[in-house]
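Visitor: here is a sequence with its predicted model. Questions after.
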Amino acid sequence: MKRDLPSVYSNPINKEIKNNTMYYYGSLESERKVDKNINQVINNIFASKDFVYKKKIRVTTLDDVLDIVLVGRNSNSLLTLDNKSIPISSIVDIEM
């Protein structure tokens, strides 16, 4: 059974469209300047209303980028749901 669809007119394009940029300039090494106080960010996570037991965050350390589930902290490290400890001194950035 064939359905009768309305016909649609498409206007032919006979010119060059210049609404997109033609070149991209970037660098291979990205330099991120982070002006965050890591202890203040951690305190804000634990003081927020939506933190009851655990919080999913992305932690950038000196060596790696980790997606973790944060459950606690002590004086010098963060504790994750899978029993890992991340030293606060090696943390560069925290994203929620």
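Guide: Nice, thanks for sending it over. Residues are numbered from 1 along each chain as shown.
Visitor: buried stuff in the top strand by length along the chain?
Guide: In the chain, assigned by DSSP state E, the strand with the most residues is strand 65-73. Buried residues in strand 65-73, counted by 16 or more other C-beta atoms under 10 Å: 68, 70, 73. For glycine as for every other residue, the C-beta is placed from the backbone atoms N, C-alpha and C.
Visitor: contact partners for the residue nearest the centre of the chain?
Guide: By C-alpha atoms, centre = their mean, the mean C-alpha position of the chain lies nearest to Glu95, the distance being 6.2 Å. With contact taken as C-beta atoms under 8 Å, 6 or more residues apart in numbering, Glu95 is in contact with 57-58, 60.
Visitor: do you know the pLDDT at it?
Guide: Looking at Glu95, its pLDDT is 90.
Visitor: returning to that earlier point: quick one: strands adjacent to the longest strand of the chain?
Guide: With DSSP bridges as the test, strand 65-73 is paired with strand 55-61 (antiparallel), strand 77-80 (antiparallel).
Visitor: could you check how far it is from the centre of its chain?
Guide: Distance, stretch centre to chain centre, for strand 65-73: 14 Å (C-alpha atoms, centre = their mean, to the nearest Å).
Visitor: got it, and stretch 5-12?
Guide: Distance, stretch centre to chain centre, for stretch 5-12: 42 Å (C-alpha atoms, centre = their mean).
Visitor: so Ile38 touches Ser90, yeah?
Guide: No: between Ile38 and Ser90 there is no contact under C-beta atoms under 8 Å: 10.0 Å.
Visitor: between these two, which is the more surrounded one?
Guide: Each of Ile38 and Ser90 has its neighbours counted (other C-beta atoms under 10 Å); Ile38 has more, 17 against 14.
Visitor: for that one, which non-adjacent residue is closest in space?
Guide: Ile91 (5.2 Å; C-beta to C-beta, 6 or more residues apart in numbering).
Visitor: and the pLDDT at the one you found?
Guide: Predicted confidence (pLDDT) for Ile91: 93.
Visitor: check contacts around it.
Guide: By C-beta under 8 Å, 6+ apart, the residues touching Ile91 are 38, 59-61, 78.
Visitor: in the sheet, who's paired with it?
Guide: Beta bridges link Ile91 to Thr61, judged by DSSP bridges.
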